[in-house]
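In: Make a model of this:
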Amino acid sequence: MSHVDPRARSRFPVVKGELTVGEIPLSLLAARVGRTPFYAYDRAIIDERVALLRRVLPAEIELHYAIKANPMPAVVGFLAGRVDGMDVASGAELRVALDAGVSPNETSFAGPGKTDSELEQAVASGVLLNVESLREIQALAAASERIGRAGRVAVRVNPGFELKSAGMKMGGGPKPFGIDAEAVPSALAAIRQCGLSFEGFHIFCGSQNLHHEAICAAQTQALELAVRLAADAPARVTRLNLGGGFGIPYFPGEKPLDLAPIGEHMRRIVASSRAQLPHARLVLELGRYLVGEAGIYVARVVDRKVSRGEVFLVTDGGLHHHLAASGNFGQVIRKNYPVAIGTRASAAEDEVVSVVGPLCTPLDVIADRMTLARAEPGDLVVVFQSGAYGRSASPLGFLSHPTPLEVLV
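Out: As a prediction, this is how the structure comes out:
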C-alpha cells in the first residue's frame, strides 16, 4: 500500500518502502545532509520541466526564471545554463544571478520599492530595470548620471485587466505593482526626457493559474496593450515580457495546467507580434512552474502524542520553515499540501493524524487530520510541491528555532 500522492510518486519513486530523491533513499539523503529539517530539490525534475516547455512553446519565446520563486544559489546556478534569462526582485537576488553567470543583458529587475542603492547597482551591472513609478524613473535617471551610463529601462504596466482565476492577482484595478496603463504615456515621456535607454514593457497580471484559457486571454490582451502603448514609446520596442502565471496543482481536485493549447496560442502571439512589434523579443517569465514540483520539505518526527483521541505527530519543522504548507501564505480556507511519511511509503497500517511543528502557536500545522502511514519518532515527514516559495517565503526567525538546510540533488 502506498500513502504517497500518485503525482508525487512519479517524481519521487518509492523503493523498498522508502521515498527516493534523485535515486537516493530519503533516510540516506537525510544522513548526507547532516540534520533535519531540510529542503531537497531534484535536478532531473527541473530539467524535465524546462525540456517540456521547450517542446511545447514556440522557439521564439524566451524563457526567463523568476528567482523569487527559489533563490537558492545552487538552483539559480543550475538553471542559468538552461533558461534564456532571469528576473530578480532585489539587489541580493541580482548578486545571486550575476554570481551564477547570468548575462546582465538577459537579466531584468522588478519590484515596486527599489531603493536608490539598488537602482545604482542595477545601472552599474547593466541589467534591465522594470520601472514601476514616475518617482522611480527620476531616481533611475539620477543613478544613471552618478554612474555615468544610461540605465536600461522597460515600463512595468498595471493593465486594466487581470489574470482570471489566478491564485495571486498582480494586475488590474488599484495595485502597488507597475504604472497604471493610462499613466504610461506620461511615464514614456519622462523616460525620453531623462535620456534613459528604453527597451519595452513588462505586463505581469498574476500567478498560480491552472486554467489555460485565462492565461491565453491575458497574453492576447497584454500584446494588444503593448502595441497601443508603443505608439508613445521613445524608441522601438525590443522586448516584451508577457509575464507568466503558470500554476502547479497543490490540492485534491486540482489538475495540472494543460500546456498544449498555450503553446498553440503562443504561436499566434508570435505571429501577431512579428507583424505589429517586429523588433520585439517575447519573454515568458516563470518561477513556480519551473521549480515548484521539484522540491520537497523534510522534517523528522520527534514526538507522537494522543490528545483526547486525536493523534499528533510533532516534528522538528513547521510554519517557520514552510509558511505556505501551514496555510498562512495566502490561503483563504486552509487546505493540506500533499504530505507523506517518507520512510514508511509502503506501510500497511495507516491512521488519521495531524502533523505539527515545535512552535508554541496553534498555527503551526503542516497537515490537519490527514490519512498517513502510522509513524513513530524518528520517521521522516515529507511535504511535496515545496520547490517554490518555501524556505525564502517563511518567517525563519520566528521563535528562534534553527533554520532549515537546502540541498540540490
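
In: Tell me which residues touch N241, please.
Out: Applying C-beta atoms under 8 Å, 6 or more residues apart in numbering to N241 gives the contacts 64, 87, 108, 130, 154, 200-204, 283, 285. For the C-beta atoms, the positions are set from N, CA and C on the backbone; glycine is no exception.

In: One more pass at 6 Å, please.
Out: N241 makes contact with 202, 283, 285, according to C-beta atoms under 6 Å, 6 or more residues apart in numbering.

In: The second one falls within a strand, correct?
Out: Translated: V283. Yes - according to DSSP: H, G, I helix; E, B strand; the rest coil, V283 belongs to a strand.

In: now the closest residue to it other than its chain neighbours: how far from L284?
Out: Distances taken as C-beta to C-beta, 6 or more residues apart in numbering place N241 nearest to V283, at 4.3 Å, with adjacent residues excluded. Counting by C-beta to C-beta, to the nearest Å, the gap from N241 to L284 is 8 Å.

In: Which pLDDT does the model give the closest residue to F246 other than its chain neighbours?
Out: Spatial nearest neighbour of F246, excluding adjacent residues (C-beta to C-beta, 6+ apart): Y289 at 3.8 Å. The model reports Y289 with a pLDDT of 97.

In: Check V355 too.
Out: At V355, pLDDT is 98.

In: what's across from it in the sheet?
Out: Beta bridges link V355 to L313, A367, judged by DSSP bridges.

In: That one contacts D368, correct?
Out: No - taking contacts as C-beta atoms under 6 Å, V355 lies outside contact range of D368: 8.3 Å.

In: neighbour-wise, which of those two wins?
Out: It is V355, of V355 and D368, that has more neighbours when counted by other C-beta atoms under 10 Å, with 28 against 15.

In: List the buried residues of the helix or strand harbouring A30.
Out: Assigned by DSSP states H and E, A30 belongs to helix 26-33. Neighbour-count burial for helix 26-33, counted by 16 or more other C-beta atoms under 10 Å, picks out 26, 29-30, 33.

In: what do you get for stretch 192-210?
Out: Neighbour-count burial for stretch 192-210, counted by 16+ other C-beta under 10 Å, picks out 194, 196-210.

In: Which members of the residues you listed are positioned in strands?
Out: Residues of the buried residues of stretch 192-210 located in strands (DSSP state E): 197-202, 206-207.

In: Lowest pLDDT pick from these?
Out: Among those, G206 has the lowest pLDDT, at 75.

In: wait, isn't the residue nearest to F246 in contact with G245?
Out: No - look at Y289 against G245 with C-beta under 6 Å: they stay out of range, at 8.7 Å.

In: who's more crowded, those two?
Out: Neighbours were counted for Y289 and for G245 using other C-beta under 10 Å; G245 has more, 31 against 25.

In: and the two most separated of the buried residues of helix 26-33?
Out: The largest separation in these, counting by C-beta to C-beta, is between L26 and V33 at 10.4 Å.

In: which residues do the two both contact?
Out: Joint contacts of L26 and V33 (C-beta under 6 Å, 6+ apart) do not exist.

In: which residue ranges form the helices in the protein?
Out: 6-11, 26-33, 43-56, 73-80, 91-99, 116-125, 134-147, 184-194, 212-230, 259-276, 288-291 (DSSP state H).

In: Now find how far off-centre the last one is within its chain.
Out: The gap between the average C-alpha position of helix 288-291 and the chain average comes to 6 Å, counting by C-alpha atoms, centre = their mean, to the nearest Å.

In: domain assignment for this structure?
Out: 6-42+294-408, 71-286 (automatic domain parsing).

In: Which of these sits closest to V56?
Out: Nearest to V56, of the domains of the chain and by C-beta to C-beta, is domain 71-286 at 3.9 Å.

In: Endpoints of the closest one, how far apart?
Out: 13 Å (C-alpha to C-alpha, to the nearest Å).

In: Also stretch 275-287?
Out: Start-to-end, stretch 275-287 (C-alpha to C-alpha) is 29 Å.

In: mind listing what's buried in that stretch?
Out: 277, 280-287.

In: same deal with stretch 252-268?
Out: 257, 259, 262-263, 265-266.

In: ok, now stretch 38-50?
Out: Within stretch 38-50, the residues scored as buried using 16+ other C-beta under 10 Å are 38-42, 45-46, 49-50.

In: Just the closest of those to L319, please.
Out: So of the buried residues of stretch 38-50, ranked by how close each gets to L319 (C-beta to C-beta), first place is Y39, at 14.5 Å.

In: Give me the neighbour count for the nearest residue to the closest one once chain neighbours are set aside.
Out: Leaving aside its chain neighbours, Y39 sits nearest to E406 (4.6 Å; criterion: C-beta to C-beta, 6+ apart). The local packing of E406 (other C-beta under 10 Å) involves 20 other residues.

In: so what pLDDT did E406 get?
Out: On the pLDDT scale, E406 gets 98.

In: got it, and T20?
Out: The model reports T20 with a pLDDT of 97.

In: Make sure it is actually in contact with V14.
Out: No - if you go by C-beta under 6 Å, T20 and V14 don't touch, sitting 7.2 Å apart.

In: can you give me the strands for the stretch 301-409 of the chain?
Out: 310-315, 339-341, 350-356, 365-373, 380-383, 405-408 (DSSP state E, counting those that start in this stretch).

In: Near E224, how many residues? Count them for me, please.
Out: E224: 14 surrounding residues under other C-beta under 10 Å.

In: and if you look at the one 5 residues further on?
Out: Neighbours of L229 under the rule other C-beta under 10 Å: 21.

In: Also the one 10 residues further on?
Out: Applying the criterion other C-beta under 10 Å, we find 22 residues in the vicinity of R239.

In: What sits closest to it if chain neighbours are left out?
Out: Spatial nearest neighbour of R239, excluding adjacent residues (C-beta to C-beta, 6+ apart): G200 at 3.7 Å.
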